[in-house]
Each structure stands twice: as C-alpha cells, then as structure tokens.
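A.B. asks: sequence first, predicted model second:
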Amino acid sequence: MTDALVFPARRIVRRGLVLIVLGLLGLVLVYVLALRFTPTERFQGLPQKIFYVHVPAAWCALLAFSLVGIASILYLWLRDPRLDLFAESAAEVGLVFSVVMLTTGPLWGKPVWNTWWTWDARLTFTLILFFLFVGYRALRGAIQDPGERARFSAVVGILGLVLVPFVHLTVYLFRTLHPQPIVLKPSAPSLPWEMLRTLLSSLGVFTVLLLGFLLTRYGLAAEARLAGGDDAR
Amino acid sequence: MPAEPNANAGYLVAAYVVTAVFLAGYALILWRRAARDSRE
C-alpha cells in the first residue's frame, strides 16, 4: 500500500460525503417545495405528493442498477478491478433507493388503489429486480476468490441491466394498475408547471445523493482493497 | 369525485419520513465507515 494510492481514495470519499450533505439539505428543500409551494392534486389529494419521492427513488434505483450492468460489461472486457468495485458500490446504492421505492409505492397505493400491493407486471418485475440484486450481494459474500467473485457477479449484474428497460416498458407491454410515465415519454411531460418543477427539483436532489453515495461507497471500497482487505462491508 | 382536503395525510407523512430515514440512515452508515477507516 502506498500513500499515493490511498489519498485519491480518501479524496473521493470526502467529495462523496460533501455531495451527501448537499443532497440531504436539498431533500429538506424538496419537502418544503412539495408541501408548501406545490398544488394538491384534485382527485388523489395529499397522497399524490408521494410522487415527488417515489419517482426519483425509482429513477435512482434503475440508474444505479444500469451502472452495475455497464460496469460489469466493462469489467469482463477490461478486467480492471476498479470496475468490479464500482459495480459492487452501485448495487448497494441501488438497493437503498429500491427500498425507498418499494416502501413509498405501497404507501401511495393504499389510499389510491385501496391495496398495499398487487401482483401486476410493473410491481412484480420491480420486485424481481430488487431480489436479483439482493442475490448479487449474497453471491459476492459467498465467493472468496476476488477474480471468481468479480466474474460471476458481473454476469448477474448484466442480467439486471437486461431487466431495467423491461421494467420501464412493462406499463406499455401489459395491462397494469401502475400509471404510465408522465415525464420519460416521447411526447411532452403531462404535468402542470408547479408539479413538474417540484419533480425535476427532486430528481436533481436524488441524483446528487446517488452520486454522493456512489463516490463515498466506491472510495471506501477502494481504500479497503488498497489496505489489503476485501471491501468496505 | 375530488378528494377531501387533508384526507389520507398520514400516508404522505409516513412516505416522507421513511424516505428521510432510509437516505439519512445510509448516509450515517457511510459516514461512520469513513470515520472508522480514517482512524485506522
């Protein structure tokens, strides 16, 4: 281990922590914006405002899982262990955002659909994606050899990447209770400006948090690897 | 039929609290790992 290698990892951790603090402060502002300065939807009432945390959490979870897949493809091609560490970090961060998505979804569904959960295509495939990455984490914990662990988990990471667009398209491919996208679609967003402004602010804040979590987790894993340990678990 | 004002507010509060707890909780876990690693 050399200080020259450890210091960049520490710098990455520090930058990540700064982004996390900014993101958490931004989350407070998003709450104020959503609760005080955004109109309440006429038919759903107050539970519709769960939209401003549920959609950004879903966006971050799917983005993180996509990054796992991309880093996994690059790892199998380039065999750079940093890509494996990045994939591992993105999987953990993706799981955190998935937990937010999977808890806020039923909290929105109960007052609007009158049920906490329904086995329709969007919800079922999202849950499958979540369990795939729980399995990814378990697989990494079960294999001792770093090279073998990186190869096997890269294959699972790529399978997750294949599922991500499918999860997004389920609302078009199947009859489902889940609403269709109102922003990420070919035509213009179908939201009043005040609601769109709050949603975009929240997407920005959640993305900052995602970057902060990713940088910090990756920096910690790199530091641990350089110190002779396995990772930052 | 339009929703009554403040109806089902508990679901909104629960969702916002859960989101803050998970995100701040994970931030705290990472911060503690970073603090532990910098001491070693």
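C.D. replies: Happy to help now that I have it. Source: prediction; values computed, not measured.
A.B. asks: ok so A:P189 is a helix residue?
C.D. replies: No. Assessed with DSSP: H, G, I helix; E, B strand; the rest coil, A:P189 is coil; it does not lie in a helix.
A.B. asks: ignoring the adjacent residues along the chain, who's closest to A:P106?
C.D. replies: Leaving aside its chain neighbours, A:P106 sits nearest to A:W116 (4.2 Å; criterion: CB to CB, 6 or more residues apart in numbering or on different chains). All C-beta atoms are positioned from the backbone trio N, CA, C, and that covers glycine.
A.B. asks: ok, now which ones touch that neighbour?
C.D. replies: Contact partners of A:W116, counting by CB atoms under 8 Å, 6 or more residues apart in numbering or on different chains, are A:106, A:109-110.
A.B. asks: can you get me a residue count around the residue of chain A found nearest chain B?
C.D. replies: Chain A approaches chain B most closely through A:G45 (3.0 Å), counting by CB to the nearest CB. Using other CB atoms under 10 Å in any protein chain shown, A:G45 has 21 other residues around it.
A.B. asks: where does pLDDT dip in chain A?
C.D. replies: Applying pLDDT under 70 to chain A flags the ranges A:1-7, A:183-186, A:188, A:229-233.
A.B. asks: quick one, phi/psi of the closest residue to B:E40 other than its chain neighbours?
C.D. replies: With sequence-adjacent residues excluded and distances taken as CB to CB, 6+ apart, B:E40 is closest to A:A227, at 7.6 Å. Phi and psi for A:A227, reported as degrees, to the nearest 10, are phi -80, psi 0.
A.B. asks: low-confidence ranges in chain B?
C.D. replies: B:1-6.
A.B. asks: where do the helices of it begin and end?
C.D. replies: For chain B, the helices defined by DSSP state H cover B:9-39.
A.B. asks: tell me the centre residue of it?
C.D. replies: Using CA atoms, centre = their mean, the residue of chain B that lies closest to the mean C-alpha position is B:A20, 1.6 Å off.
A.B. asks: do chain A as well
C.D. replies: A:A61 (1.9 Å).
A.B. asks: residues touching the spatially closest residue to A:A71 that is not a sequence neighbour, list them.
C.D. replies: Nearest-residue entry for A:A71: A:A87, 3.9 Å, with adjacent residues in sequence omitted and distances by CB to CB, 6+ apart. Neighbour list for A:A87: A:67-68, A:71-72, A:75, A:153-154, A:157 [criterion: CB under 8 Å, 6+ apart].
A.B. asks: quick one: which helix or strand includes A:A87?
C.D. replies: helix A:81-113 (DSSP states H and E).
A.B. asks: between that helix and helix B:9-39, what angle do the directions make?
C.D. replies: 160 degrees (axes from the mean of the first three to the mean of the last three CA atoms, to 10 degrees).
A.B. asks: who wins for most neighbours among the contacts of A:W116?
C.D. replies: A:G109 (21 neighbours).
A.B. asks: was I right about that residue contacting A:D120?
C.D. replies: No. Counting by CB atoms under 8 Å, A:G109 sits too far from A:D120 to count as a contact (10.4 Å).
A.B. asks: count of neighbours near A:L127?
C.D. replies: 14.
A.B. asks: which secondary structure element contains it?
C.D. replies: With DSSP H and E as the criterion, the answer for A:L127 is helix A:121-142.
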